[in-house]
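Chemist: Below is the sequence, then the predicted model.
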Amino acid sequence: MNAVRLVARREFTERVRERSFMISTGITLAIVVLVVVLPSVLGLGGPTEYTVNPSSPRDLAIAEAATQIDESFNAQVTIGDSNPDVELNNGVIVSEKPADDDLVDLLQVANQQVDARAAPPLRVESTEPEDPDEDAKAAMAFFAILILYGQLLTYGYWVAMGVVEEKSSRVIEVLLATIRPVHLLAGKVIGLGLLGLGQLLAISVFGVAVAAATGALEVDGALIGAVALSLFWFVLGYAFYAAAYAAAGAMVPRQEEIQSSTTPLTMMILVSLFAGFAVNQNPDGTLGHITAFIPPMAPITMPSRIILGEAPAWEIAASIAVMLLATALLVPLAARIYSAVVLRTGSAVKLREALRLARQA
């Protein structure tokens, strides 16, 4: 444990002193301010394209009138029954969630045009209660996807780069004369992981503080719990990816070859990013439920669903269990690959050969 602690401390202190780390942290904090504050300041988040589903001839007349005047409201109204934003039901605007104010105003004006003499105002009903923090939560969920993608990619790559640097400079031979390979790997992963978690914690606390100070978001126990779970998901994702990146780094002898060695992992994180964007648009959709049980994707797709309140407790628990199981299987394998090939020089080691050497180790 002393050896692991020393290696972890070295990795932590060396990276935290780098100028690039401080600059990237400052830029990220600035982005947090923009993401949290701009939606409420500029009134962003409302759609400009609407679908209206009328249920009676008069409702159809109102919808058609809305299509004639929608340009005046900087909107585009379509009549149809496929995923409508609202339904017109005998003079009542019905929607699953509270209807957009611009759309309600547009339909009220259209209603007056259909019968300007004695048309009563359209009533507005919704089947779900209004969440005043919906736009701010959506912005935070979107930012959570971006920041988790960046953290997993950056710190995973740092693990691989650190392994290759020690290997190409032959420092690894000196280190392994006094410390076991698995302890060196554990210290490297833990040190960089603590740095990444600390940076993410600082960003999260700053973002919540800005949201509370500006009134852009109501900070309550549910939000704090969601942020804490997001941090926990970073730990799970980092443990999974860092072990794989360390093995990928150990398989190549020079820094010039690290890109090719880590490309499959980088592509996996990139695909998870695109999946995260898709899930963020429909957090209760099929893709969100499926990716919750795919270990490489869950650390990026699950936190946004948690922030938006669309992930049931049983699914969160089951997803965490699957993630822990996958990591428990991957980490020992990656450690064996690292131990078996980290001292090999010359040409890069193919994955098949690395697996063979790991079985023999």
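Modeler: Right, received. Where do you want to start? Numbers count the residues shown, from 1 in each chain.

Chemist: switch to C-alpha atoms for all contacts and neighbour counts from now on
Modeler: Fine.

Chemist: which residues does the spatially most central residue of the chain contact?
Modeler: For the chain, I145 is the residue whose C-alpha lies nearest the centre (C-alpha atoms, centre = their mean; 1.9 Å). Listed by C-alpha atoms under 8 Å, 6 or more residues apart in numbering, the contact set of I145 reads L273, G276, F277, I300, T301, P303, S304.

Chemist: quick one: it from L270, how far?
Modeler: To L270, I145 is 11 Å away according to C-alpha to C-alpha, to the nearest Å.

Chemist: same deal with I320?
Modeler: Taking C-alpha to C-alpha as the measure, I320 falls 21 Å from L270.

Chemist: neighbour-wise, which of these two wins?
Modeler: More crowded of I320 and L270, by other C-alpha atoms under 10 Å: I320, with 21 against 16.

Chemist: Tell me which helix or strand the more buried one sits in.
Modeler: Following DSSP states H and E, one finds I320 within helix 313-341.

Chemist: tilt between whatever helix or strand comes next after that helix and helix 313-341?
Modeler: Remark: after helix 313-341, the chain's next helix or strand is helix 351-360, criterion DSSP H and E. Counting by axes from the mean of the first three to the mean of the last three C-alpha atoms, to 10 degrees, helix 351-360 lies at 90 degrees to helix 313-341.

Chemist: name the helices or strands packed onto helix 351-360?
Modeler: When contacts are defined as 3 or more C-alpha pairs under 8 Å, 6 or more residues apart in numbering; DSSP states H and E, helix 351-360 sits against helix 313-341.

Chemist: In the helix it packs on, which residues are buried?
Modeler: 316, 319-320, 322-324, 327, 330-331, 333-341 (16 or more other C-alpha atoms under 10 Å).

Chemist: Run the chain-centre distance for it.
Modeler: Centroid displacement of helix 313-341 relative to its chain, using C-alpha atoms, centre = their mean, to the nearest Å, is 19 Å.

Chemist: residue contacts, S126?
Modeler: Counting by C-alpha under 8 Å, 6+ apart, S126 has contacts V94, S95, E96, K97, P98, A99.

Chemist: nearest spatial neighbour of Y50, skipping sequence neighbours?
Modeler: Nearest residue to Y50, sequence neighbours excluded (C-alpha to C-alpha, 6 or more residues apart in numbering): V77, at 4.9 Å.

Chemist: Now do the contacts for the one you found.
Modeler: Residues in contact with V77 (C-alpha under 8 Å, 6+ apart) are E49, Y50, T51, V52, A66, T67, D70.

Chemist: Neighbour-wise, which one of these leads?
Modeler: That'd be V52 among the contacts of V77, by other C-alpha under 10 Å, with 29 neighbours.

Chemist: Report all helices and strands that the helix or strand it falls within contacts.
Modeler: In the assignment (DSSP H and E), V52 maps to strand 49-54. Packing partners of strand 49-54 (3+ C-alpha pairs under 8 Å, 6+ apart): helix 57-69, strand 76-79, strand 86-88.

Chemist: which helices and strands does the helix or strand that M268 is a member of pack with?
Modeler: Element membership for M268 (DSSP H and E) is helix 258-281. Secondary-structure packing of helix 258-281 (3+ C-alpha pairs under 8 Å, 6+ apart): helix 134-168, helix 221-250, helix 286-291, helix 298-307.

Chemist: which of the residues in it are buried?
Modeler: Quick answer for helix 258-281 (16+ other C-alpha under 10 Å): 258-259, 261-262, 265-266, 269-270, 272-273, 275-277, 279-280.

Chemist: Stretch 66-79 too?
Modeler: Buried residues in stretch 66-79, counted by 16+ other C-alpha under 10 Å: A66, T67, I69, D70, A75, Q76, V77, T78, I79.

Chemist: Equivalent analysis for stretch 97-104, please.
Modeler: Buried-residue list, stretch 97-104, by 16+ other C-alpha under 10 Å: P98, A99, D100, L103, V104.

Chemist: From those residues, pick the one nearest H289.
Modeler: Nearest to H289 among the buried residues of stretch 97-104, counting by C-alpha to C-alpha, is P98 at 24.9 Å.

Chemist: Does the closest one belong to a helix, a strand or coil?
Modeler: What DSSP: H, G, I helix; E, B strand; the rest coil gives for P98 is coil.

Chemist: pretty sure it is touching V86, no?
Modeler: No - if you go by C-alpha atoms under 8 Å, P98 and V86 don't touch, sitting 9.3 Å apart.

Chemist: coming back round to it: I'd like the average pLDDT over the helix holding M268.
Modeler: For helix 258-281, the mean pLDDT works out to 90.

Chemist: Ok, stretch 334-348 next?
Modeler: 80.

Chemist: That one: how far from the chain's middle?
Modeler: With C-alpha atoms, centre = their mean as the basis, stretch 334-348 stands 32 Å off its chain's centre.

Chemist: Could you shift the numbering so residue one becomes 763, and keep it that way?
Modeler: Taking 763 as the first residue, the last one we looked at is stretch 1096-1110.

Chemist: Quick one: end-to-end length of it, please.
Modeler: 16 Å.

Chemist: how is this protein carved up into domains?
Modeler: Split into domains by automatic domain parsing, the chain comes to 764-801+895-1122, 811-888.

Chemist: returning to that earlier point: residues touching the strand holding V814, excluding its own?
Modeler: So strand 811-816 is contacted by 822, 825, 837-843, 845-851, 865 (C-alpha under 8 Å, 6+ apart).
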